[in-house]
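**Q** 3D, please:
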Amino acid sequence: MRVPVPLTLALTRLVAHASRLAGRGSGATLPGALAQRLDPGLAGLLASRLPGGTVLVTGTNGKTTTTKMLAAVLAAHGQRVVTNTSGANLATGVTAALVADADLRGRPRASMGLFEVDEAALPAVAAALRPRCVVVLNLFRDQLDRYGELDTLAATLARGVAACTATVVLNADDPRIAALADAAAPGTRVTTFGLEVPAASGSSQGTAGRTTEDAQRVAPGDADRCPRCQGRLVVSRSYYAHLGHYACPNGDLTRPSPDVAVTALGPATTAGSTFRVASGDTELDVAIALPGTYNVYNAAAALAAAAALGVAPDTAVTALRTVSAAFGRFERVEVAGRTLYLLLVKNPAGLGQVLATFLHGAERPHVLLAVNDAAADGRDVSWLWDVDLAGLAATDPVVLTAGSRGLDMALRLKYDQIPARAQPSLRAALDTLLAELPEGGTGYVLPTYTAMLALRALLGQRTPTRGEAAPAVSR
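**A** Numbering: from 1, shown residues only. Sure, this is the predicted structure:
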């Protein structure tokens, strides 16, 4: 028997409050689990009452950042947005966010829902919420113990796309993502985003814009086969990992021409990115406070979704300028007269982009790689062996490793002839890094998710806090 909506909402709020008082987190998951148990249809009911509908953002890398970007854009467009800012991106987290937004009669305060969704959870969440728009960013090898290989996860995403009649926004530069257009229901609008950067300007953003010869040399095998016929794709341009321009030699898949295209990239800096974007007949210059080609892709995805939702291009571009990095993704911490960059990594593509963006051309940088294998990180750390470390080796770095898999990381580095010293704990690693950095120097901390949380807590003990989250942090 289904529990009445007011009673379900009252009970879940009580549980959320008790969870926070008990110090068991922000109440971002447990209330959702309870609500689903009491009323399995509650999330769909609450979502159906949002006047502007809901938007889902999924993919391996960039979900949190893209969702934050799109939230700012929609707010500038006049929407009051409910979103899962905590990053709880399973069905329980989405339900908890909807519950927290509603009054006891189930009436939403927000006008629109915007949720990042775990790739494996997309089919269930899409079927329940019947979203207005689904944004799919990319597919990289990540948490193989949970997801399996990419073909399996692509099939899961296809079920999510097929579960609704939403507008679907796809990354034209990822073959598996572009091919998800096949799964869209008849009549569904499909729109795409991607890079159209000439080789001459592409080199300013790390690995972006390589020539055909270089692309074939550096691109890994994550998406080297046509998703339709399994023929070996011909790659004419590689931006990073397997993202780029491609075509099936049998004619079964051709990269679509992006509806929202990045046509030029500005000089690469660690302060942010500048680029030019073309959308329909409009061309605009964009500046974001987030560096790297991967963040240009995130911004392009947000702009494509905004266009699909009817947001004026200049409104979207102006809003993007105000967006700072999502929690833990890119933070600069001033501590003891030194500067630390805190940069979340979780898979080969992400770590490769961080190295290309922040350490390319550096001279003897001080680096801490903190790798854990908790459930939130992924138990399988075989991905460490898929990272291209040649660029790091060329900098002659001073490297420390730590975390539950710090020794694995040190061993991986040894195979690229990069000396590394494994530390007994995260605290010891942080102490050593700060002690060895000269005053005024810069260090780079590259942690997996749970290591990032622990390191932020340690940094919070060392420096005065500013605001509600970060200790002397700018993003």
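
**Q** from here on, contacts and neighbour counts on C-alpha atoms
**A** Fine.

**Q** quick one, helices of the stretch 351-475 of the chain?
**A** In the stretch 351-475 of the chain, the segments counted as helices under DSSP state H, counting those that start in this stretch are 390-393, 406-415, 426-436, 449-462.

**Q** out of those, which gets nearest to Thr54?
**A** Closest approach to Thr54 among those is made by helix 449-462 (27.3 Å; CA to CA).

**Q** got the contact list for Arg276?
**A** For Arg276, the contact set (CA atoms under 8 Å, 6 or more residues apart in numbering) comprises Val262, Thr263, Ala264, Leu265, Glu283, Leu284, Asp285, Val286.

**Q** now it. Nearest residue, chain neighbours left out?
**A** Distances taken as CA to CA, 6 or more residues apart in numbering place Asp285 nearest to Arg276, at 4.4 Å, with adjacent residues excluded.

**Q** got the contact list for the helix or strand encompassing the one you found?
**A** Here Asp285 sits within strand 282-288, counting by DSSP states H and E. By CA under 8 Å, 6+ apart, the residues outside strand 282-288 that reach it are 272-278, 313-314, 317, 320-323.

**Q** just the buried subset of these, please.
**A** Using 16 or more other CA atoms under 10 Å as the burial test, the contacts of strand 282-288 include Gly272, Ser273, Thr274, Phe275, Arg276, Val277, Ala278, Pro313, Val317, Leu320, Arg321, Val323 as buried.

**Q** care to break this protein down by domain?
**A** For the chain, the domain assignment from automatic domain parsing gives the residue ranges 5-320, 331-474.

**Q** let's have those in TSV, adding mean pLDDT.
**A** Converted to TSV, those look like this (pLDDT from 0 to 100):
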stretch	mean pLDDT
domain 5-320	87
domain 331-474	89
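
**Q** deepest of the ones you listed, which one?
**A** domain 5-320 (a mean of 20; mean count of other CA atoms under 10 Å).

**Q** span of stretch 111-129 from start to end?
**A** Stretch 111-129 has an end-to-end distance of 15 Å (CA to CA, to the nearest Å).

**Q** and if you look at stretch 14-34?
**A** First-to-last residue span, stretch 14-34, CA to CA: 11 Å.

**Q** what do you get for stretch 363-378?
**A** Taking CA to CA, the first and last residues of stretch 363-378 lie 32 Å apart.

**Q** now it: how far from the chain's centre is it?
**A** 17 Å (CA atoms, centre = their mean, to the nearest Å).

**Q** tell me what Glu238 is bridged to.
**A** For residue 238 the amino acid is Ser, not Glu. With DSSP bridges applied, Ser238 shows beta-bridge pairing to Arg210, Gly244.

**Q** measure it to Ala127 for me?
**A** Taking CA to CA, one finds Ser238 at 35 Å from Ala127.

**Q** repeat that for Ser324.
**A** Applying CA to CA to Ser324 and Ala127 gives a distance of 32 Å.

**Q** can you check Thr432 too?
**A** Taken as CA to CA, the span from Thr432 to Ala127 is 50 Å.

**Q** contact partners for Gly280?
**A** Asp259, Val260.

**Q** repeat that for Ala128.
**A** By CA under 8 Å, 6+ apart, Ala128 lies in contact with Gly41, Ala43, Gly44.

**Q** can you report phi and psi for Ala121?
**A** When read as degrees, to the nearest 10, the backbone of Ala121 gives phi -90, psi -10.

**Q** how about the secondary structure of the residue nearest to Val323 when sequence neighbours are not counted?
**A** Leaving aside its chain neighbours, Val323 sits nearest to Met69 (6.1 Å; criterion: CA to CA, 6+ apart). Here Met69 is helix, with the state taken from DSSP: H, G, I helix; E, B strand; the rest coil.

**Q** what's near enough to touch Met69?
**A** With contacts defined as CA under 8 Å, 6+ apart, the neighbours of Met69 are Ala299, Ala302, Ala319, Leu320, Val323.

**Q** contact partners for the first one?
**A** Shown in contact with Ala299 (CA under 8 Å, 6+ apart): Thr66, Met69, Leu320.

**Q** before we move on, which element is it in?
**A** Counting by DSSP H and E, the element that carries Ala299 is helix 293-308.

**Q** and that helix, how far out from the chain middle?
**A** The answer for helix 293-308 is 12 Å, by CA atoms, centre = their mean.

**Q** would you mind getting the angle between the next helix or strand after that helix and helix 293-308?
**A** Where DSSP H and E defines the elements, the next helix or strand beyond helix 293-308 is helix 313-320. Orientation of helix 313-320 against helix 293-308 (axes from the mean of the first three to the mean of the last three CA atoms, to 10 degrees) gives an angle of 140 degrees.

**Q** helices or strands next to the next helix or strand after helix 313-320 in the packing?
**A** Scanning forward in sequence from helix 313-320 by DSSP H and E, the next helix or strand is strand 331-335. With contacts defined as 3 or more CA pairs under 8 Å, 6 or more residues apart in numbering; DSSP states H and E, the packing partners of strand 331-335 are strand 338-342, strand 473-474.

**Q** for His360, find the nearest of these.
**A** Closest among those, once you apply CA to CA, is strand 338-342, at 14.5 Å.
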